[in-house]
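Q: need coordinates for the following:
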Amino acid sequence: MPNPDILARVVIALGGNALQSKESDGTADAQLKVVKETCELLAELSAEGYEMAIVHGNGPQVGRILLSSETAKDVVPPMPLEVCGSMSQGYIGYHVQQALKHDLAKRGLSYPVVTMVTQTIVDKEDPSFKEPTKPIGPFYTEQEANDLVAQRGYEMREDKARGGWRRVVASPKPQKIVEIEAVKQLWDSTIVICAGGGGIPVIENADGTLEGVAAVIDKDFGAELLAEEVDADILLILTEVEKVAINFGTPQQQDLDHLTLAEAAQYCEAGQFGKGSMLPKVEACMKFVRSYPSKRAIITSLSKAKEALAGNTGTVFTY
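A: Predicted coordinates for the structure are as follows:
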């Protein structure tokens, strides 16, 4: 039974490793296998008494969907990037809600799990449209990356920490979750999977209509905005590492148990965190605790989520 002493509202941001293994072939079956393992851990948190909403990344998935669409352009019209983003929300959400519902039932928990296709308003003048930084799709060799630049006009960037090249697209900051009132109404009775991939990026026109734009919002900033909107107690960002580190990947690597806003800002300024990987996670945590000084933001690995929530590991951000 859920622990009545916990009763914390948590927004959980799932990184790519929670949805797809690097060693897998990227098929739907392979991804579902990873998601099932992830949902066992999420169900355990729910059984402990944590109320949660789930935000997931979609970089590899939306990139594959877009690549498939562009490859088949001579047969069917290619879909724009934001439409591919909505497709990724649907199929990733389907995997998560199916697996999570099953694991909740094994623990005697019967409440609903739903996926909400979510739009997120961004500023059409956001500087990221001129300087893309968000990696999407699979990793490529340098030669493959050069070929894609020549053949498709992609902008490619090397990820030295993870060994490969990836396509990068604009990643504007989220300003408003369009469907937030529906999320709030469902919160007390339902686990909602929403703002997948940070939400489908849309701009709001002068007449109030919404229009999709070619971008992918960083899921960590989407999760932070959601955490603010639902008055969450904890923003929990799950990734591949147990703790944030400085001098990552070097003999001088130092794992960090705790970061104040001032310390985090100093490390960001020093370029300690990768733009397409750890930096947005750190910045999202900083934004949350800056807005809510009495609350917590945590970065840790998926397997250590329960321990981190109990205060026993992870990197905790405080004001």
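
Q: in terms of contact, does Ser171 touch Thr133 like I think?
A: Yes - using CB atoms under 8 Å, Ser171 is in contact with Thr133, at 5.6 Å. Where C-beta positions appear, they are placed from N, C-alpha and C, glycine not excepted.

Q: higher neighbour count, those two?
A: Ranked by neighbour count (other CB atoms under 10 Å), Ser171 and Thr133 place Ser171 first, with 27 against 16.

Q: A strand includes the more buried one, no?
A: No - checked against DSSP: H, G, I helix; E, B strand; the rest coil, Ser171 lies outside a strand; its state is coil.

Q: can you show me the strands along the stretch 101-250 of the chain?
A: Per DSSP state E, counting those that start in this stretch, the stretch 101-250 of the chain carries strands over the ranges 113-115, 119-121, 134-140, 156-159, 164-169, 176-177, 191-193, 200-204, 210-212, 234-239, 244-246.

Q: can you flag the weakest of the ones you listed by average pLDDT?
A: Among these, strand 134-140 carries the lowest mean pLDDT, at a mean of 81.

Q: which strands or helices does that strand pack on?
A: Strand 134-140 is packed against helix 59-71, strand 156-159, strand 164-169, with contacts defined by 3 or more CB pairs under 8 Å, 6 or more residues apart in numbering; DSSP states H and E.

Q: buried set for the second one?
A: Counting neighbours by 16 or more other CB atoms under 10 Å, one finds that the buried residues in strand 156-159 are Met156, Arg157, Asp159.

Q: ok, stretch 264-277 next?
A: Quick answer for stretch 264-277 (16+ other CB under 10 Å): Ala264, Tyr267, Gln272, Phe273, Gly274, Gly276, Ser277.

Q: centre of the chain versus it, how much separation?
A: Stretch 264-277 has its C-alpha centroid displaced from the chain centroid by 18 Å (CA atoms, centre = their mean, to the nearest Å).

Q: just the residues contacting that stretch, thanks.
A: By CB atoms under 8 Å, 6 or more residues apart in numbering, the list of residues contacting stretch 264-277 from outside reads 133-135, 157, 159, 161-162, 166, 168, 244, 246-248, 259, 279, 281-283, 285-286, 317.

Q: that older thread, ok, so of the buried residues of strand 156-159, who is nearest Gly49?
A: Nearest to Gly49 among those is Asp159, at 37.9 Å by CB to CB.

Q: residues contacting that closest one?
A: Pro135, Phe139, Trp165, Arg166, Gly274, Gly276, Ser277.

Q: recalculate using a threshold of 7 Å.
A: Remark: with contacts taken as CB atoms under 7 Å, 6 or more residues apart in numbering, Asp159 is in contact with Pro135, Arg166, Gly276.

Q: which residues does it bridge with?
A: Applying DSSP bridges to Asp159 gives these bridge partners: Gly164.

Q: so where's the protein uncertain?
A: 1-7, 22-24 (pLDDT under 70).

Q: now do the helices in it.
A: Ranges of helices in the chain, per DSSP state H, are 28-48, 59-71, 81-106, 142-152, 180-186, 219-229, 261-269, 278-291, 305-309.

Q: how about those helices, which one is nearest Pro201?
A: Closest of the helices of the chain to Pro201 is helix 81-106, at 5.9 Å (criterion: CB to CB).

Q: give me the distance from the closest one to the chain's centre.
A: Worked out by CA atoms, centre = their mean, helix 81-106 lies 13 Å from the chain centre.

Q: okay, angle between it and strand 200-204 too, please.
A: Angle, helix 81-106 to strand 200-204, by axes from the mean of the first three to the mean of the last three CA atoms, to 10 degrees: 130 degrees.

Q: mind giving me the packing neighbours of helix 81-106?
A: helix 28-48, strand 51-56, helix 59-71, strand 113-115, strand 191-193, strand 200-204 (3 or more CB pairs under 7 Å, 6 or more residues apart in numbering; DSSP states H and E).
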